[in-house]
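Undergrad: Could you work out the structure for the sequence below:
(one chain, ligands or ions: 1)
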Amino acid sequence: MNALHLPNAEFRSLAARVTDLAADLLAGLDELRAFPAVRGEQVARAFGAPLPEEGLRAGALDALAEVLAMSRAPTPRFYGYVLGSGEPVAALADLLASVLNQNVTAWRSAPAAVTIERQIVHGLAGALGCEGFSGSLCGGGSMANLMGLAMAREARLPANQSGAQPGVVYASSEVHMSIPKAMALLGLGRENLRLIGADEAYRLDPQALRSAIAADRAAGRAPLAVVASGGSVNTGAIDPLPQIAAVCREQQLWLHVDGAYGALAALAIPERFSGLSAADSLSLDPHKWLYQPLDCGMLLFRSAHAARTAFSCSGDYAKSLAEDPLESFAFFDESLELSRRFRALKLWLSLRYHGLAAFRSAIRGDLRHAQNLAELVRGTPTLELLAPVELSAVCFRYRSAEPGAVADRLNAAILRRVIERGRVYLSNATLRGRFALRACFVNHRTTDRDVRQIVPEVLDAARECLGS
Ligand SMILES: Cc1ncc(COP(=O)(O)O)c(C=O)c1O
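TA: Numbering: from 1, shown residues only. Predicted coordinates for the structure are as follows:
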């Protein structure tokens, strides 16, 4: 018998233990700290044992309780970064997807998985007003942005055959760090990302964009693409998409919309995302505002031909033997990835289980939480709001009469203290050089009561930091 053989009865018993652990975690979430009270040294020691030569069998699972205890639990009071808290029906689908172990390269390798993924992609594109777009799931927004810019480069300044040619990409100063990273990886160079100062609401100014393009053309450089934010990472600012699309049309530039944080909110507030369908490519992150467990990113594009131009380069061993257009379909012709897990199963099951209306309603709930927190901040004389609340990110800070750097240090200390206290988790942003506390609501577990705890926690932490 194979040394890795697992009797079916043993699988059932292990699966029951794992699902019990998961169900207990979910049942107790409300009581858990928003960040565990652990230090680096302690966690390193807990998991520092060498890998065993002989298997521990079911005893291997005993350590899972400690893994959970030393993890950041997906509590209702986590508001850091842009992170959902994992919809459990989707998590169950993930288990099954791993057991089924499809390699979603092409229909010939994974017929149901490929068909479901294509259906989900078309369905979500349609629900966002981008009918006719196609695309694929990927690891996250960074990967989707890299692929979107790879398509832009190949469409405007082809590089795949002979190497990269110089070209300029435009974005606001609020653009996500994955865009300069993509510029570097694509051989375009970070210096050729023209960061245009954002307006008072942290949006890209189309007039300044036009001027920057004209200046580059006058200097003999080759404008290539514009990246517009469909919800910037710091403040949730939505760049003026219709005006930016008009500039792109007029200047024949590729329009990539980074909607990793915000664009799925178009399911609930489509009127705020007009112009989305003018994108040539659009990044989305269902692991953010569709509450899916990591990882689940998505790239949508208007032209499958452009995707194939950028990505198709298959070895003979992978080529389809079928004539049928459905059966000959290969994701690897339209994506950077070859081996891919069955990410679509979680999204498909979760959407089928709850229905789109439930997701629209949860997104509306997050938008309401952000407005409620902004109102609470405005009503607290010792706090100040640092940016308009366009989506679900709220940037604020403790007021200080001290000069900039001292006020920044005080707010950084307050943030550390808030996290140590463990009741809520906030993260931070730098806005016009000022340190901001930041709460971002993309958490379907958060209630109005949870939101009301944020300001008192910040004020208590501030009192502790100020030693009064
Ligand atoms: C606007 C924006 N773009 C891209 C990303 C990167 O997404 P991921 O972390 O899934 O790679 C983020 C992450 O927060 C984001 O907010």
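Undergrad: Quickly list what residue 429 is bridged to.
TA: Beta-bridge pairing for residue 429 (DSSP bridges): residue 436.
Undergrad: quick one: contacts for it?
TA: Neighbour list for residue 429: 233, 234, 235, 393, 395, 436, 438 [criterion: CB atoms under 8 Å, 6 or more residues apart in numbering]. Every C-beta, even on glycine, is put in place using the N, C-alpha and C of the backbone.
Undergrad: Repeat that for residue 265.
TA: 231, 272, 273, 289, 363, 367, 391, 392.
Undergrad: Which of the residues you listed sits closest to the ligand?
TA: Distance to the ligand, by CB to the nearest ligand atom, is smallest for residue 231 among the contacts of residue 265, at 6.1 Å.
Undergrad: rewinding a little: can you tell me which of the contacts of residue 265 is nearest residue 105?
TA: residue 289 (27.9 Å; CB to CB).
Undergrad: Residue 334 contacts residue 311, doesn't it?
TA: Yes - between residue 334 and residue 311 there is a contact under CB atoms under 8 Å: 5.7 Å.
Undergrad: who does the longest helix seen in the chain touch, helix- and strand-wise?
TA: Across the chain, the longest stretch assigned as helix under DSSP state H is helix 356-378. Judged by 3 or more CB pairs under 8 Å, 6 or more residues apart in numbering; DSSP states H and E, helix 356-378 is in contact with strand 383-385, strand 393-398, helix 448-452, helix 454-466.
Undergrad: Recalculate using a threshold of 6 Å.
TA: Of the remaining helices and strands, those touching helix 356-378 by 3 or more CB pairs under 6 Å, 6 or more residues apart in numbering; DSSP states H and E are strand 383-385, strand 393-398, helix 448-452.
Undergrad: What angle do helix 454-466 and that helix make with each other?
TA: Calculated by axes from the mean of the first three to the mean of the last three CA atoms, to 10 degrees, helix 356-378 forms an angle of 40 degrees with helix 454-466.
Undergrad: Quick check: the two most widely separated of the contacts of residue 265?
TA: Distance extremes for the contacts of residue 265: the farthest pair is 273 and 392 at 14.1 Å, using CB to CB.
Undergrad: and residue 298, backbone torsions?
TA: Torsion angles at residue 298 (phi, psi; degrees, to the nearest 10) stand at phi -150, psi 140.
Undergrad: higher neighbour count, residue 273 and residue 392?
TA: Set residue 273 next to residue 392 and count neighbours by other CB atoms under 10 Å: residue 392 wins out with 28 against 23.
Undergrad: List the contacts of the more buried one.
TA: With contact set as CB atoms under 6 Å, 6 or more residues apart in numbering, residue 392 has these partners: 366, 367, 370, 440, 441.
Undergrad: Make a ChimeraX selection of the buried ones in these.
TA: To isolate the buried members of the contacts of residue 392 in ChimeraX, using 16 or more other CB atoms under 10 Å:
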select :366,367,370,440,441
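Undergrad: Do you have the strands of the stretch 251-400 of the chain handy? List them.
TA: 254-259, 281-284, 297-301, 383-385, 393-398 (DSSP state E, counting those that start in this stretch).
Undergrad: Bridged to residue 169, which residues?
TA: Going by DSSP bridges, residue 169 forms beta bridges with residue 193, residue 225.
Undergrad: Residue 106 versus that one, what's the distance?
TA: 31 Å (CB to CB, to the nearest Å).
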